[in-house]
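Undergrad: from the sequence below, what's the structure:
(one chain, ligands or ions: 2)
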Amino acid sequence: MVSRGTSTGEVNSQPTRAGVRTLVLGGVRSGKSGHGESLLRAHTEVRYLATGPTTSTDAEWVARVAAHRQRRDERYTTLETIDIGGALRSDPHTPTLIDDLGTWLAAELDALGGWGPEPVDLAELRATLCAAIASFTGDLVIISPEAGLSLVPPTPAGRRFQDELGTLNEAVAAACDRVVLVVAGRVVELPANAEAAAPTPVTPVVSSPPSPLAPRPAPGRPERTKPETPAEPGANPTTAPQKSSSVDPTDAEVFETVATPDLGIARAARERHLTLTKPAGSLGRMEDIGVWLASCQGVCPPRPVSAPTVAVFAGDHGVARSGVSAFPPEVTAQMVANIAGGGAAVNVLARRSGATVHVFDMSVDADTAPDVSRFKVRRSSGDLTTTDALSLAEARTALAAGRAIADELVDSGADLLIGGEMGIGNTTPATVLIGTLSRREPVEIVGRGTGIDDAGWIRKTAAIRDGMRRARRHVHDPLSLLASVAGADLTALAGFLAQAAVRRTPVILDGMVVTAAAMVAAELAPGASRWWLAGHRSVEPAHTIALHHLDLEPVLDLSMRLGEGSGALAALPLVASAVDILSTMATFDEAGVSDRDASPTVTDSPSATAPGEPSPTAVAVTR
Ligand SMILES: O=C(O)c1ccc[n+]([C@@H]2O[C@H](COP(=O)([O-])O)[C@@H](O)[C@H]2O)c1
Ligand SMILES: Cc1cc2nc[nH]c2cc1C
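TA: Ligands and ions are numbered 1, 2, ... in the order given. Take a look at the predicted model:
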């Protein structure tokens, strides 16, 4: 199939460039600086090039500078300079924020005496700056005022500034990978050219909120977000799963707005916990889990979990041929047959909890049973070290398949979903995704997967390094990222996890591989992670980083590293118990048990005992 839109191929003429250069335009108080800072939030070290003076006799200016500084944290090193070209050239790697080009231009005009009637030629200055931007290799965010939307200024100096700034912005935009416009805190992606700006078949278009997790299309792709689907008439919008929509692959990466689990119900569940016959908080995290599930169901007390359902996404990966796993790729197809036959760990654990297991061959390098392969995208995904794992069209097909699977399972009554996976070599693409999105170094995050030895670990680290080098340029475009390195199984998983959230269905995440897909799903469908519970912490080092990135605390930490959905299933009995606690445990009133702080109230009876000796007949229990 021919892909549409952007290509995931090698488009950068400088193969060592890993960063993204973004020009953030906006008016005064538009939110442009805050948005620019959010783009660099994942970095532990950011250089801040302040183009304006940080001290002044102008108290209002000092207050503005202080407000900006307060928003930034200790990760920032500030360099006050107007030689921003020189600063970029002297360190072209460290993630850098330039704030902003307007003050830089004003300072340059000051220095050149450019405010007078004689025009000064800034072409060389612009070209030098743009060359420095073009050769910058790290993440770079440049803030600049969009002054062209105001009236033509009444003074020659004002007109000079507005004209020069417009010309400068256009030149800098051409040197950047992305350009966004911030208006009233809303971020609009500006397409690279007229062709890219042409209307896409997808409607409607709404501007996305300035969430740091909001999907950020690649340069040239308009931002597209579907509005939340209205609930069925009469249905409680939080208790009724959203209606299923058949997912067209051409539209696969566009998700409806994810609703928030019901906060009112969460509050009611928390209050109910206080009435149950136990000291407040004594069931620890089990209490939180019950509250979470009640808020997902939109009802308190929650209904028992009645149809937990596991979907195992299976696929082979070209990279597995390079000795990155302890097992040969043939094991994927063999294990798919084992799971379909009910003999794998996932089946055993599911039987214990009454869960149903489905296995889906997305990209196994062999023929599998027809019912298992009905969503199959291709035989084995490409080797991520040298080529795109999928074409963009295949990635869309896989994403749509994952979404359709979530829809099918929810429509057939699943009230809790578990994503699992099976695929020899899949910890390599999963680690590449986590490393890329969390901006970690490969050696920090490489684990031993199925149990590779030291030589295998070295090969795997090199493969992850190569994959991350290819993936980095797609860090702001989840679909391209999936196509570039994830493969069909992990892409389908991402679609499945995001769609479950759209359908307001709670999910227990499994190990590192599933959580890697979840990180991309959270980019595709901001807010989806509120519908997810982390079942366990796998021994893979990347898993801890992924959980931290998603702000999820695992239920179990049992040193597991199997995959298949096993860690999530190990947590399922606890989740079911957490629900039962809220729904079937007796309250203090029902059981006639005295609550804490039940202060004895002595009656007016003349026969009252001495203070401190309450008699059973004379004491009324208060709560
Ligand atoms: O998800 C995890 O935390 C996890 C950790 C280690 C191994 N796995 C499973 O092991 C397989 C991938 O391991 P490997 O060494 O072949 O990349 C794959 O089938 C996964 O289900 C999964
Ligand atoms: C046997 C086997 C079972 C698995 N289940 C998930 N990943 C696996 C990897 C292997 C090798």
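
Undergrad: from now on I want contacts and neighbour counts done on CA atoms only, so please keep to that.
TA: Fine.

Undergrad: right, and Asp262 touches Ser295 too?
TA: Yes: at 4.7 Å, Asp262 counts as touching Ser295 under the criterion of C-alpha atoms under 8 Å.

Undergrad: of the two, which one has the most company?
TA: Ser295 (27 against 19; other C-alpha atoms under 10 Å).

Undergrad: phi first, then psi, for the more buried one.
TA: phi -70, psi -30 (degrees, to the nearest 10).

Undergrad: could you do Val364 as well?
TA: Dihedral angles of Val364 (phi, psi; degrees, to the nearest 10) stand at phi -70, psi 140.

Undergrad: so that it lines up with my notes, have the first residue be 18 from now on.
TA: All right, first residue 18 from here; so that's Val381.

Undergrad: look up how far Lys477 lies from the closest residue to it other than its chain neighbours.
TA: Distance criterion C-alpha to C-alpha, 6 or more residues apart in numbering; nearest residue to Val381, sequence neighbours excluded, is Gly332 at 4.3 Å. According to C-alpha to C-alpha, to the nearest Å, Gly332 and Lys477 sit 18 Å apart.

Undergrad: what's near enough to touch Asp470?
TA: Going by C-alpha atoms under 8 Å, 6 or more residues apart in numbering, Asp470 touches Ala343.

Undergrad: so for it, what's the pLDDT?
TA: For Asp470, the model assigns a pLDDT of 98.

Undergrad: how close does the nearest residue to Leu129 once chain neighbours are set aside sit to Leu126?
TA: Using C-alpha to C-alpha, 6+ apart and skipping residues adjacent in sequence, the residue nearest Leu129 is Val137, 7.5 Å away. As for Val137, its distance to Leu126 is 8 Å (criterion: C-alpha to C-alpha).

Undergrad: who has more neighbours out of those two?
TA: Taking other C-alpha under 10 Å, Val137 and Leu126 do not tie; Leu126 has more neighbours (19 against 13).

Undergrad: on that earlier part again, more crowded one of Gly332 and Lys477?
TA: More crowded of Gly332 and Lys477, by other C-alpha under 10 Å: Gly332, with 32 against 29.

Undergrad: bridge partners for the more buried one, pull those for me.
TA: Ser380 (DSSP bridges).

Undergrad: measure the closest residue to Ala123 other than its chain neighbours to Gly43 for me?
TA: Among residues not flanking Ala123 along the chain, Phe178 sits closest, at 7.4 Å (C-alpha to C-alpha, 6+ apart). Separation of Phe178 from Gly43 (C-alpha to C-alpha): 16 Å.

Undergrad: the more surrounded of these two?
TA: Taking neighbours as other C-alpha under 10 Å, Phe178 and Gly43 compare with Gly43 leading, 24 against 20.

Undergrad: for the more buried one, give the beta-bridge partners.
TA: Pro162, Val199.

Undergrad: hmm, Gly202 and it touching each other?
TA: No: look at Gly43 against Gly202 with C-alpha under 8 Å: they stay out of range, at 9.3 Å.

Undergrad: give the residues shared as contacts by the two.
TA: With C-alpha under 8 Å, 6+ apart as the test, Gly43 and Gly202 both reach Lys49.
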